[in-house]
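Enquirer: How does the following fold in three dimensions:
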Amino acid sequence: MKKYFYTDGVTKFGPYSIEELLDKNISRDTKVWFYGLATWTPINEIEELKEVVSKIPPPIHIPVGPPPLDFIEHFSPELLPEEKSKYKQADIFVIIFIIVCILIGMFVMYLDKKNEVSDLYEKVLMDSFDGDEDFSLYLDKFYRDLNVFGIYPKKPSNVTIKFARLDQITNTTHIHAMSYGGDNDDLIEIYINPSSWDKFNKPKRHYLMYHELAHDILNLDDLPGIEANKGKLMYPAIESYERITMDEFIEAYQELFEEVASE
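Expert: Sure, this is the predicted structure:
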């Protein structure tokens, strides 16, 4: 009995009889070979195997779609130069608008502060009065002490040193004295709370007067109210100097005048 071999293109299978060949997974294009055949030949071209071929169902044709996309590329359309220019202009306008709003806000705050200071000054001025105290003694001594250190500031003709009931005015109840001649070499203007003056001893009165005169004559600001500055003439919390002596006061103003003279 003739035996047949078939191949899947890689491996050779067989030998099989015709009946055994029907049980194999072959198609109409499967190539077979048997002794006497020169080359591997498609099964449907061999006459004696046409009966086998007739029993093989035709292949099912499955439509092949496009291959699946490996990825989807997302991109943004490039803006035209004109569109970029429009966006830049819009950004500039927004920035300018924000800056203008900030400047307006700062100006309004400045006006409010200025009005507040002006209103307070009017209240202090209306409440001011002359007392029996001769403040010129303190002023003259201040100038003499400055001259010792070689400091000769301009002596303004407009000098006002009065009492004012600061403890009866809103926002100044904690203040012992106020000066308004700072950064104005033509003005000395000082108002002292009379209740504070009555309570202060001699060293503390000198400390208070020299502190305020340093504001108006030397244009000095208060020092930060920290412990390291305590005892210095421009330390703002004079109420903490309960036991200050004249020697401590003299040491404080001399230290300050030395600093001013060395500048």
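Enquirer: Which strands or helices does the helix or strand bottoming out on mean pLDDT in the chain pack on?
Expert: The weakest-scoring helix or strand in the chain, judged by mean pLDDT, DSSP states H and E, is helix 50-54 (a mean of 74). In terms of contacts (3 or more C-beta pairs under 8 Å, 6 or more residues apart in numbering; DSSP states H and E), helix 50-54 is packed against helix 18-22. From N, CA and C alone the C-beta is placed, and that goes for glycine too.
Enquirer: which residues sit against the helix it packs on?
Expert: Residues outside helix 18-22 that contact it (C-beta atoms under 8 Å, 6 or more residues apart in numbering) are 4, 6, 32, 48-49, 51-52, 55.
Enquirer: Setting aside sequence-adjacent positions, which residue approaches Asp29 most closely?
Expert: With sequence-adjacent residues excluded and distances taken as C-beta to C-beta, 6 or more residues apart in numbering, Asp29 is closest to Pro42, at 5.6 Å.
Enquirer: Do I have it right that the one you found meets Ile26?
Expert: No: under the criterion of C-beta atoms under 8 Å, Pro42 lies out of contact with Ile26, with a separation of 10.6 Å.
Enquirer: Looking at those two, which is more packed in?
Expert: Set side by side, Pro42 and Ile26 show more neighbours around Ile26, with 20 against 14, by other C-beta atoms under 10 Å.
Enquirer: Next one: that one from Tyr16, what distance?
Expert: Distance of Ile26 to Tyr16, given as C-beta to C-beta, to the nearest Å: 10 Å.
Enquirer: Which neighbours do those two have in common?
Expert: With contacts taken as C-beta under 8 Å, 6+ apart, Ile26 and Tyr16 have Tyr6 as neighbours in common.
Enquirer: May I have the distance across stretch 38-57, first residue to last?
Expert: Counting by C-alpha to C-alpha, to the nearest Å, the length from the leading to the trailing residue of stretch 38-57 is 28 Å.
Enquirer: Return the residues in contact with Ile169.
Expert: Residues in contact with Ile169 (C-beta under 8 Å, 6+ apart) are 120, 123-124, 127.
Enquirer: Return the member of these nearest to Gly105.
Expert: Distance to Gly105 across those (C-beta to C-beta) is lowest for Leu120, with 22.7 Å.
Enquirer: pretty sure that closest one is touching Leu166, no?
Expert: No: under the criterion of C-beta under 8 Å, Leu120 lies out of contact with Leu166, with a separation of 10.0 Å.
Enquirer: Can you give me the domain assignment for the protein?
Expert: According to automatic domain parsing, the chain comprises the domains 4-54, 81-128, 136-262.
Enquirer: okay, now Thr41: neighbour count?
Expert: Thr41 sits with 14 neighbouring residues when counted by other C-beta under 10 Å.
Enquirer: quick revisit: can you select the buried ones from the contacts of helix 18-22 in ChimeraX?
Expert: Isolation of the buried members of the contacts of helix 18-22 (16 or more other C-beta atoms under 10 Å) is achieved in ChimeraX through the command below:
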select :4,6,32,49,52
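Enquirer: TSV for the contacts of helix 18-22, including distance to Met209?
Expert: Rendered in TSV, the data for the contacts of helix 18-22 read as follows (distance: C-beta to C-beta, whole Å):
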residue	distance to Met209
Tyr4	132
Tyr6	126
Val32	129
Glu48	138
Leu49	133
Glu51	136
Val52	131
Lys55	130
